[in-house]
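S.K.: This is a predicted model, with the sequence first.
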Amino acid sequence: MLQHKHLLGLEGYPSKDIQTIIDTAFGFRKVLERPIKKVPSLQGKTVVNLFFEMSTRTRISFELAQKRMSADTVSFSAASSSLNKGESFKDTVQNIEAMKIDAVILRHPASGAPQHLTKFVDAIVINAGDGTHEHPTQAILDMMSLQEQFNSLEGLKVGIIGDISHSRVALSNIFGLTTMGADVMICGPSTLMPPHIEKLGVKVSYDMDEVVDWADAVNILRIQLERMDTGLYPSVREYRELFGLSVERIKRHSKDLVVMHPGPMNRGTEIDSAVADSDRAIILDQVLNGVASRMAILYLLLGGKMEEN
Ligand code: CP
């Protein structure tokens, strides 16, 4: 039902398939509103969640998506596995596949790990975030949430603000949104901006007020505090002043602005609590849409069966 067997990233991913996933996800959103949130769509399918990095939203939403669709699921934690006895990534995955699985959801700190995995397993591979490369399922849930707010992505003005250089969320959103006809402006400190990024078809700004003034919606990225020691930005206080979505900054612009954040948030740094908790923020809608989007992705890639009613 989708052109590609795996979902490794949104670079070059067909717009028709992105739209099919979003439309299918809206169908699954209805399942999530029911008293009994379970359908038999993936009965008999086995999915393994392989997380080599910490996660709250992606891991739980994938696990819930699998359970909601009646798949058999196993979740693997690198910390308690035989990787700690020296077993390689390849051997680990090939042993898991020998137990007859249909799909692997992989989060890994190394960019390209999901692509590498496809070389030695037959199972469907879904990228749940690889290094600083891509996080395609996050971008799909973000686009679903924008479509829910604005009905269409075509011509929508979306600002992406923060650490663009290290953000797989930013890259997948840039690929997905530009494919779907949205206008994207990215903004952040010059030390956290990749060179030649405008070649991806985005506008670049170093002025947060310009972006807030221009955009219909802004996606605020987590500032990775662990990078402060490396001198990529001077201080939390200065970051908030220049690139934080503060109450004062919002007040300077008399317009409706939809606010998104992929989580986890640093309240008081890239976003003020009062903004994150305000009506303009759709951060928890994104989380719910994360379950629906992942249901749709699993359903479409694993050839699930629809309910008969
Ligand atoms: N947005 C996101 O990927 O969150 P987690 O790291 O908690 O999965």
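M.R.: Yes, it's here. Numbers count the residues shown, from 1 in each chain.

S.K.: Look up the closest residue to the residue in the stretch 201-309 of the chain positioned nearest to the ligand, ignoring the ones flanking it.
M.R.: Residue nearest to the ligand within the stretch 201-309 of the chain: residue 262 (3.9 Å; C-beta to the nearest ligand atom). In short, each C-beta sits where N, CA and C put it, glycine included. Excluding its sequence neighbours, the residue lying closest to residue 262 (C-beta to C-beta, 6 or more residues apart in numbering) is residue 169, at 4.8 Å.

S.K.: Check whether the residue positioned nearest the centre of the chain sits in a helix, strand or coil.
M.R.: The centre of the chain sits closest to residue 138, judged by C-alpha atoms, centre = their mean, with a distance of 1.3 Å. Here residue 138 is helix, with the state taken from DSSP: H, G, I helix; E, B strand; the rest coil.

S.K.: The closest residue to residue 58 other than its chain neighbours in helix, strand or coil?
M.R.: In this structure, residue 58 finds its nearest non-sequential neighbour in residue 128, 5.0 Å apart by C-beta to C-beta, 6+ apart. Of the three states, residue 128 takes strand under three-state DSSP.

S.K.: Burial check on residue 128, number of neighbours?
M.R.: Neighbourhood size, residue 128 [other C-beta atoms under 10 Å]: 27.

S.K.: Could you do the one 4 residues further on as well?
M.R.: The burial count assigned to residue 132 is 17, neighbours taken as other C-beta under 10 Å.

S.K.: on that earlier part again, can you tell me if the helix or strand containing the residue nearest to residue 262 touches the ligand.
M.R.: Using DSSP states H and E, residue 169 falls within helix 168-179. No: residues of helix 168-179 are not located near the ligand by C-beta under 6 Å from any ligand atom, the shortest gap being 6.7 Å.

S.K.: Just give me the longest helix of this protein.
M.R.: Looking across the chain with DSSP state H, the single longest helix is helix 283-302.

S.K.: Check which helices and strands that helix is in contact with.
M.R.: Contacts defined by 3 or more C-beta pairs under 8 Å, 6 or more residues apart in numbering; DSSP states H and E place helix 283-302 against helix 15-32, helix 57-68, strand 103-108, strand 124-130, helix 136-150, strand 258-260.

S.K.: Quick check: can you name the pairing partners of the following helix or strand past the longest one and their directions?
M.R.: Counting by DSSP H and E, the next helix or strand C-terminal to helix 15-32 is strand 46-51. According to DSSP bridges, the neighbouring strands of strand 46-51, each with its direction, are strand 72-77 (parallel), strand 103-108 (parallel).
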